[in-house]
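Q: Just the structure for this:
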Amino acid sequence: MAHRATHHKGRGALTNPASRFAATAGEDFDDGWDTIDQADEDDTAPATQLHRDPTRRVISRNESPDVPFSASINPYKGCAHGCIYCFARPTHEYLDHSAGLDFETEIYYKPEAAALFEAELRHPRYRCEAITLGANTDPYQPDDRHLGITRAILEVAHRFNQPISIVTKGAHVTRDLDLIGDMAARNLASVFVSLTSLDNELKRHLEPRAAAPAQRLRTIAALAEADVPTGALIAPVIPMITDAEMESLMTAAAEAGATRAGYVLLRLPHAIKHLFREWLDQHYPDRAQHVMSLIQQMRGGADYDATWGTRMTGTGTYADLIARRFALACKRTGINGKRFTLDTGAFRVPPAAGDQIGFDFG
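A: Numbering: from 1, shown residues only. So this is what the prediction gives:
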């Protein structure tokens, strides 16, 4: 059931609209008994609920020309970071959940992910390619601190010499520096840290449970100090909200040790367009209309355009200006002087437990 927009401390979405696949939907209304206001007063921030995901495979593949990888692993479905802009929110609707609060509170985890990953790597038809962790939802979101699923996946990759690229805004990626650092020394690992804003107050509203800006910069520094190929992903770029920070974010990332960077324009597919409008009205009512106008100017007049080739960067004058600013910032900071190319030739299938070891008796 949809409810009136309510800001919960530590949560990004203000409502929990029905899935677009739901047969029925509800909406709050005033029944004359003053119950709506009372419900808001009694409301508390919803707690995170963890569910086992019975998946049978963990490596996903895509054919999108907009992303630089074809294979990925997502240890979790949903993300407790609660970023209001997350393009993965609508995927929760396939689980009969809302893209709103459900996405950040109903978290599905894959306890057998490492075992399934190993089985796929051992399959005779597997051909090694770099795999991205965090293509959809963050592999280092809060609950991974105690679940440890991402580390278990990395342990498998480490044994198989399977190259891994990580995308995260979670500072506890440094927990796994022993594995990541050793793999990086063999050209088998790289990490991109997502940067959105240096403004702590904005971050609290935009990405309520993600690491603070200073923590992310320290994470970049720690990775770079360990000689891990490290980049910054300036994402999303939101007009009149975060776009003015592009140059300062790039400078801070470069000073911390990032050697590559990319950016992604705000994407508003399906329910996100409504969730984001609610967020704007709540936190930035003075500029909400202007923000949406600029977004539409970069999306062919709509809130979103999913056309391959432009969905990450947009089109039009304002989008071109952002692209030029990014290119100039790269040139000024020296970022993107070389690409990260991970080694796929070192992949080896180690003996499995119980395998007999052959001996040559001459």
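Q: Contacts for the helix ranked longest in the chain, please.
A: What stands out as the longest helix in the chain, according to DSSP state H, is helix 317-333. Defining contact as Cβ atoms under 8 Å, 6 or more residues apart in numbering, one finds that helix 317-333 is touched by 234, 237, 239, 243, 246-247, 250-251, 253-254, 261, 263, 265, 294, 297-298, 313-314, 335-336. C-beta here means a position set from N, CA and C on the backbone, and glycine is covered the same way.
Q: Try it again at 10 Å.
A: Counting contacts by Cβ atoms under 10 Å, 6 or more residues apart in numbering, the residues outside helix 317-333 that touch it are 232, 234, 237, 239, 243-244, 246-255, 258-263, 265, 293-295, 297-299, 310, 313-314, 335-337.
Q: Give the buried subset of these as a PyMOL selection command.
A: Selecting only the buried members of those in PyMOL, with burial defined as 16 or more other Cβ atoms under 10 Å, works like this:
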select buried, resi 232+234+237+239+243+246+249+250+252+253+254+258+259+260+261+262+263+265+294+295+297+298+299+310+313+314+335+336
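Q: In helices only, show me the contacts of helix 317-333.
A: Per DSSP H, helices hold the following members of the contacts of helix 317-333: 246-255, 293-295, 297.
Q: what would the residues you listed look like in JSON lines with pLDDT and distance to residue 279?
A: Formatted as JSON lines, the ones in helices among the contacts of helix 317-333 follow (pLDDT from 0 to 100; distance: Cβ to Cβ, whole Å):
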{"residue": "246", "pLDDT": "98", "distance to residue 279": "21"}
{"residue": "247", "pLDDT": "98", "distance to residue 279": "25"}
{"residue": "248", "pLDDT": "98", "distance to residue 279": "23"}
{"residue": "249", "pLDDT": "98", "distance to residue 279": "21"}
{"residue": "250", "pLDDT": "98", "distance to residue 279": "25"}
{"residue": "251", "pLDDT": "98", "distance to residue 279": "28"}
{"residue": "252", "pLDDT": "98", "distance to residue 279": "25"}
{"residue": "253", "pLDDT": "98", "distance to residue 279": "25"}
{"residue": "254", "pLDDT": "98", "distance to residue 279": "30"}
{"residue": "255", "pLDDT": "98", "distance to residue 279": "31"}
{"residue": "293", "pLDDT": "98", "distance to residue 279": "16"}
{"residue": "294", "pLDDT": "98", "distance to residue 279": "16"}
{"residue": "295", "pLDDT": "98", "distance to residue 279": "13"}
{"residue": "297", "pLDDT": "98", "distance to residue 279": "20"}
